[in-house]
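Q: Let me see the structure of the following:
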Amino acid sequence: MDTRMGPVATQFGLPADAATVAKVYDEMDFQRASQAYLWGLPIVGFASWQDAHRRVFGAAETDMVVYESVKDKLGILTPNATTPYIIGMPDLTKTGPLVVDYPAGATAGGIGDFWQRPVTDLGEAGPDKGKGGKYLVVGPGQDVPPNSGAYRLIRSPTSNVFVAFRALDADPAKAKESIARFHMYPYAQRDKPAPTRFLKPEGRAWSQIPPKGMAYWERLNDILQREPVIERDRFYMAMLKPLGIEKGKPFTPDPRQKKLLEDGAAVGELMGQSLAFANRDPAARYRPDSRWEYLFTFDPGQDVGSYAPLDERTSYFYQAVTTSHGMVSKVPGVGQAYVGTAHDKDGAWLDGSKNYRLHVPANAPAKLFWSLTVYDTETRSFFDNTPDGVVDRSSRVDIAKNADGSADLLIGPTKPDTGLEKNWIPTIPGKAWFALFRFYGPLQPYFDRSWALPDIERMH
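A: So this is what the prediction gives:
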């Protein structure tokens, strides 16, 4: 029988012998590994980040890490380069019910479970509407404390949670002040809570990017052992069992399992790259006449009526991390919006050895500001060691504008000598890149797509 895995010997229409049966099983388990790789991307991304907080930064359960500079953010999938990130990764089995005393001010934040589903937004897009307030986070199997009516109750379906916000105020002093007023502590210590510690990377190398090869499966197994299995994922747990990953049991794969897992991760990553950078879903296009694609094409809750959006979330989580309802806001002026591309106008991959131009028309539909950020397709993070550490340009900084208010951004390895140095984003020869265009406080012309963002054009 001729098949996609090559010719298969048969007898009476069945696999001919034990060796043929083994070949079929190898193919079955390889296919399961490649699909499980895609399924695991969200939780592996957060588990890797939590590991870096503990192992590299020495963060305890209620500590927050502040990421400000480009160097600080080098370990993050597609971060922005314009606002500080403040991140905590507590384990509710260790803290018990957790109080998040959230500050008032211009912030965008949220609490997410470890499958990167938002549990609640915080700040301007959250129930506090930017006025701040106290949230009480309760994990699976935990009782709601009595007399806790003064808090906004948040139930997390996972034991580990992601608590994060961005300080959006353009005044660095005000942004710093809002960060300092954030407080997180166990509910049991509410009468005398310890101050929240704020740590910084301080030049240390770190990464939350899902690892390759066997390290991916080791990270996945570790977090699966520490989390309850939700109903949606029971079939994936069944597919992982023949590969050596099973709840409550040590992960000691034999040579066959290791080979299949390594092959599954390698092919799974090719699938992730294809979905992220060459999305086959026509609905992903921002406009039919454009190469720009929506970064988000699914509800952050990861449930779309009759199915869970596996391809859509793979496209996102291969290249990005964290979700919130504010990131898919449909209310003009609230939240954020993102479009991205890995192709130039002619459909070629964006090449770090070539020079490009992006014309940003006037009146970009962003209440707060817009930005263009460039990323390395291999790491899905900033290019390291670019000249002057520049990775983006935005309407928040001093860029040269045309007479009509539009701007021409230049991206490539060659620094321009045309008076547009302030509009230049450097790239590195030998590396491919992709770009994200962000709208902070997107306005109606973004939602109705009447504002057209031209494609990136190669300069000859």
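
Q: When you work out contacts or count neighbours from here on, use the C-alpha atoms and nothing else.
A: Will do.

Q: May I have the residues that are in contact with the nearest residue to D2 once chain neighbours are set aside?
A: Using CA to CA, 6 or more residues apart in numbering and skipping the chain neighbours, the partner closest in space to D2 is V8 (6.4 Å). Going by CA atoms under 8 Å, 6 or more residues apart in numbering, V8 touches M1, D2, P15, T20.

Q: just P228 next, same as before
A: By CA under 8 Å, 6+ apart, the neighbours of P228 are T158, S159.

Q: Am I right that it falls within a helix?
A: No - P228 is assigned coil when assessed by DSSP: H, G, I helix; E, B strand; the rest coil, not a helix.

Q: Please report how far it lies from D299.
A: 22 Å (CA to CA, to the nearest Å).

Q: circling back to that earlier point, what subset of the contacts of V8 is buried?
A: P15 (16 or more other CA atoms under 10 Å).

Q: closest to T107 among the contacts of V8?
A: Of all the contacts of V8, T107 sits closest to D2, with 58.5 Å by CA to CA.

Q: List phi and psi for the closest one.
A: D2 has phi and psi values of phi -90, psi 130 when expressed as degrees, to the nearest 10.

Q: That one pairs with what?
A: P7 (DSSP bridges).

Q: And it, how far from R226?
A: Counting by CA to CA, the gap from D2 to R226 is 43 Å.

Q: H325 too?
A: 26 Å.

Q: Low-confidence stretches in this protein?
A: Filtered on pLDDT under 70, the chain yields no residues whatsoever.

Q: Domain-wise, how is it divided?
A: The chain is divided into the following domains under automatic domain parsing: 25-49+209-273, 64-199, 279-458.

Q: Can I get these in CSV including distance to V56?
A: CSV is the format used below for the domains of the chain (distance: least, CA to CA, whole Å):
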stretch, distance to V56
domain 25-49+209-273, 10
domain 64-199, 11
domain 279-458, 19
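
Q: Among those domains, which comes closest to F57?
A: So among the domains of the chain, domain 64-199 is nearest, using CA to CA, at 7.4 Å.

Q: Output stretch 124-133 as PDB, nothing but the C-alphas.
A: Presented in PDB, the C-alpha positions along stretch 124-133 are these (Å, rounded to 0.1, in the frame of the first residue of the first chain):
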ATOM      1  CA  GLU A 124      -8.300  50.800  31.900                       C
ATOM      2  CA  ALA A 125      -9.700  47.700  30.100                       C
ATOM      3  CA  GLY A 126     -10.500  45.900  33.400                       C
ATOM      4  CA  PRO A 127     -13.500  46.100  35.800                       C
ATOM      5  CA  ASP A 128     -11.600  48.800  37.800                       C
ATOM      6  CA  LYS A 129     -11.700  51.100  34.700                       C
ATOM      7  CA  GLY A 130      -8.300  52.500  35.600                       C
ATOM      8  CA  LYS A 131      -9.300  53.500  39.100                       C
ATOM      9  CA  GLY A 132      -7.500  50.600  40.800                       C
ATOM     10  CA  GLY A 133      -8.800  48.200  43.400                       C
END
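
Q: Now do the buried residues in that stretch.
A: Of the residues in stretch 124-133, E124, A125, G126, D128, K129, G130, K131, G132, G133 count as buried by neighbour count, 16+ other CA under 10 Å.

Q: Name the nearest residue to the last one, ignoring sequence neighbours.
A: In this structure, G133 finds its nearest non-sequential neighbour in Y102, 5.3 Å apart by CA to CA, 6+ apart.

Q: which residues does the one you found contact?
A: L122, G123, G132, G133, K134, Y135, R181, F182, H183.

Q: who's in contact with L443?
A: L443 neighbours (CA under 8 Å, 6+ apart): P332, G333, P365, A366, K367.

Q: go on, E293?
A: A284, R285, Y286, R287, V339, G340, T341.

Q: And the third one, its phi and psi?
A: Dihedral angles phi and psi of Y286 (degrees, to the nearest 10) take the values phi -60, psi -40.

Q: For V66, name its beta-bridge partners.
A: On the basis of DSSP bridges, V66 is bridged to I86.

Q: And the closest residue in space to E293 that isn't next to it in sequence, how far from P442?
A: Nearest residue to E293, sequence neighbours excluded (CA to CA, 6+ apart): R285, at 4.3 Å. R285 sits 17 Å away from P442, going by CA to CA.

Q: ok, H325 and R226, which is more surrounded?
A: Neighbour count, other CA atoms under 10 Å: between H325 and R226, H325 has more, with 22 against 15.

Q: The more buried one and Q302 touch, don't they?
A: No - using CA atoms under 8 Å, H325 makes no contact with Q302, being 11.4 Å away.

Q: Let me know the secondary structure of the closest residue to P429 other than its chain neighbours.
A: Using CA to CA, 6+ apart and skipping the chain neighbours, the partner closest in space to P429 is S353 (3.9 Å). Look at S353: counting by three-state DSSP, its state is coil.

Q: Ramachandran coordinates for S353?
A: Dihedral angles (degrees, to the nearest 10) for S353: phi -90, psi 0.

Q: Next, find the distance separating it from G430.
A: The value you get for S353 to G430, if CA to CA is used, is 6 Å.

Q: Any idea how far apart the tips of stretch 384-393 sit?
A: Terminal-residue distance, stretch 384-393 (CA to CA): 16 Å.

Q: Okay, buried residues for that stretch please.
A: So for stretch 384-393, counting by 16+ other CA under 10 Å, buried means D384, V390, V391, D392, R393.

Q: before we move on, what about stretch 295-311?
A: Buried residues in stretch 295-311 (16+ other CA under 10 Å): L295, F296, T297, F298, D299, P300, G301, Q302, P309, D311.

Q: Which one of those residues is nearest to L409?
A: Nearest to L409 among the buried residues of stretch 295-311, with distances taken as CA to CA, is L295, at 20.8 Å.

Q: show me the contacts for the closest one.
A: Counting by CA under 8 Å, 6+ apart, L295 touches A284, S315, Y316, Y338, V339, G340.

Q: Cross the residues you listed against helices and list the overlap.
A: Counting by DSSP state H, the contacts of L295 place S315, Y316 in helices.

Q: could the contacts of L295 go into CSV alongside distance to I399 and neighbour count?
A: As requested, the contacts of L295 are exported to CSV (distance: CA to CA, whole Å; neighbours: other CA atoms under 10 Å):
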residue, distance to I399, neighbour count
A284, 30, 20
S315, 32, 23
Y316, 30, 23
Y338, 21, 21
V339, 21, 20
G340, 21, 23
